[in-house]
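# kindly generate the corresponding structure for this input.
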Amino acid sequence: MANDFAFRISTTRFDEDYTPSDSSRITTNFANLARGERRRENLRSALAMIDARLNDLARTDNPDDDRYTAELDIVSANLRLDDGPEDAAADAAEDREFPLLEVLDIHIVDRRTGERHHGIVGNNFSSYLRDYDFSILLPSAQQTPGEFTVPDGFGDLHGKLFQHFLESDAYRERFPQSPVVCISVSTSRTYRRNGNRHPVLGVEYKQDSFSLTDEYFAKMGLQVRYFMPRGSVAPLAFYHRGDLLADYTDLQLIGTIGTMETFQKIYRPEIYNATEPAGEVYRPTLERDDFVRTDITYDRVERSQLATTQGRYAEEHFVTPHRQVLSRWAARYAAPTAQTAPTR
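Residues are numbered from 1 along each chain as shown. This next block holds a predicted model:
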């Protein structure tokens with residue numbers, strides 16, 4: 001029987017000199033920007049957009065809108081499998097350690113005082129195993145035309161590994177708070193304002209039903225709330241543990257909004273750089289022309305195509321060679337903060 005898995009964390013500064021590592025998922029937003037002839041220009045422009053939005057939201061005692069700047073680090077978490085002799089299929093040493101996930105960590109620097117405030121980790125969440133689940137496993141389960149089928153146990157292993165990572169010494173020694181994963185709203189759902197308003201997060205929306213992504217993140221122990229901050233044109237999805245409104249400072253939330261709204265404007269301008277803001281009832285769509293593209297190069301088609309390639313990588317180097325030991329571990333693992341998955 002395998003021992004509990006060990007995690008190894010490394011960090012890489014995300015700045016205009018950033019170059020993706022060999023183990024980084026090349027469809028990750030920050031890696032996508034750092035490729036091609038305009039890579040440095042892309043990175044410099046994205047970082048400037050983040051700072052501008054951060055200062056726009058943090059207006060208190062900030063008359064020139066330049067008091068704060070964001071420092072971003074890519075956090076890479078590798079999973080070490082010390083399987084044991086019974087797992088004969090996993091003898092290759094190079095398959096003993098697998099790149100489990102990558103996220104961005106934020107520090108907000110106060111240029112006036114010199115203070116560095118730790119923001120929220122979890123931004124731009126990226127996972128090879130999620131690519132496998134959505135690009136390999138899910139499509140393979142579709143047998144009947146017109147009938148959508150979700151495989152039994154879909155997302156269970158990914159969710160348990162994610163929660164195990166959050167409870168690990170490796171995570172706790174570096175990060176004092178739980179992560180927040182901020183992503184785009186779903187184009188398959190309708191959102192309605194519910195009357196709540198937060199001074200930083202803005203107006204709150206509620207979806208008409210849970211999406212497959214909501215269910216997937218629930219298995220990771222994360223619940224979701226949707227907010228549209230001041231100056232935004234569409235709500236963002238905030239997946240979180242605990243109390244999103246009470247567990248983080250206003251400046252921490254501003255750091256996450258500034259960072260993730262910037263990436264969404266680049267990646268999904270049809271939604272987040274639209275010329276008209278979301279109304280009381282909102283159905284996001286990528287089929288619109290009333291939006292403004294940024295001047296940042298982003299290959300969205302390639303991103304979609306490479307998700308399958310990366311899913312195959314996870315299948316070949318993680319799921320298949322370690323299937324038995326992963327199944328045994330998952331069967332006995334009990335998440336310490338179990339989150340009941342919503343029903344569709």
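# what is the neighbour count of R116?
By the measure other CB atoms under 10 Å, the count of residues near R116 is 11. For the C-beta atoms, the positions are set from N, CA and C on the backbone; glycine is no exception.
# mind listing the residues bridging to it?
Going by DSSP bridges, R116 is paired in beta bridges with V109.
# so how far is A70 from it?
11 Å (CB to CB, to the nearest Å).
# mind jotting down where the strands sit in this structure?
With strands called from DSSP state E, the chain shows them at 6-14, 68-80, 97-110, 116-118, 123-126, 180-184, 191-198, 202-207, 223-228, 236-240, 281-282.
# thinking again about what came up before, quick check: neighbours shared by R116 and A70?
Jointly contacting R116 and A70 under the rule CB atoms under 8 Å, 6 or more residues apart in numbering are 107-109.
# can you redo the residues you listed as TSV with pLDDT and neighbour count?
Shown next, in TSV, are the shared contacts of R116 and A70 (pLDDT from 0 to 100; neighbours: other CB atoms under 10 Å):
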residue	pLDDT	neighbour count
H107	97	15
I108	98	23
V109	98	16
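# for F175, state which of these is nearest.
Nearest to F175 among these: H107, at 12.1 Å, using CB to CB.
# before we move on, the earlier item: any idea which of the shared contacts of R116 and A70 is closest to D152?
Distances from D152 to those, taken by CB to CB, are shortest for H107, at 41.8 Å.
# thought H117 was touching the closest one, still the case?
Yes - counting by CB atoms under 8 Å, H117 is a contact partner of H107 at 6.7 Å.
# in the protein, which residue is closest to the centre?
F125 (2.4 Å; CA atoms, centre = their mean).
# that one contacts V180, correct?
No - applying CB under 8 Å as the test, F125 and V180 come out as separate, 9.5 Å apart.
# closest to E261 out of the strands of the chain?
strand 236-240 (6.7 Å).
# and the closest one, what does it pack onto?
Under the contact criterion of 3 or more CB pairs under 8 Å, 6 or more residues apart in numbering; DSSP states H and E, strand 236-240 touches strand 180-184, strand 223-228, helix 250-267.
# which stretches in the stretch 1-150 of the chain count as helices?
Assigned by DSSP state H, counting those that start in this stretch, the helices in the stretch 1-150 of the chain fall at 29-33, 39-57, 128-132, 138-140.
# for the ones you listed, could you give me a markdown table that also reports mean neighbour count and distance to V121?
Below are those laid out as a markdown table (neighbours: other CB atoms under 10 Å; distance: least, CB to CB, whole Å):
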| stretch | mean neighbour count | distance to V121 |
| --- | --- | --- |
| helix 29-33 | 23 | 14 |
| helix 39-57 | 19 | 16 |
| helix 128-132 | 24 | 17 |
| helix 138-140 | 13 | 27 |
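# quick one, which of these is nearest to G202?
Relative to G202, the nearest member of the helices of the stretch 1-150 of the chain by CB to CB is helix 39-57, separated by 9.6 Å.
# for stretch 117-128, buried residues please.
118-128 (16 or more other CB atoms under 10 Å).
# may I have that stretch as PDB, with CA atoms only?
Once non-C-alpha atoms are left out, stretch 117-128 reads as follows in PDB (Å, rounded to 0.1, in the frame of the first residue of the first chain):
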ATOM      1  CA  HIS A 117       0.800  42.700   1.600                       C
ATOM      2  CA  HIS A 118       0.200  39.000   0.900                       C
ATOM      3  CA  GLY A 119      -2.800  38.600  -1.400                       C
ATOM      4  CA  ILE A 120      -4.700  35.500  -2.200                       C
ATOM      5  CA  VAL A 121      -3.200  32.400  -3.700                       C
ATOM      6  CA  GLY A 122      -5.200  30.300  -6.300                       C
ATOM      7  CA  ASN A 123      -5.500  32.700  -9.200                       C
ATOM      8  CA  ASN A 124      -5.200  31.100 -12.700                       C
ATOM      9  CA  PHE A 125      -5.600  27.600 -11.300                       C
ATOM     10  CA  SER A 126      -4.200  25.100 -13.800                       C
ATOM     11  CA  SER A 127      -4.200  21.300 -13.700                       C
ATOM     12  CA  TYR A 128      -3.100  18.500 -16.100                       C
END
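# let's have the helices of the stretch 1-150 of the chain in CSV, adding mean pLDDT.
Conversion of these to CSV gives the following (pLDDT from 0 to 100):
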stretch, mean pLDDT
helix 29-33, 62
helix 39-57, 93
helix 128-132, 94
helix 138-140, 94
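# good, we can wrap up now.
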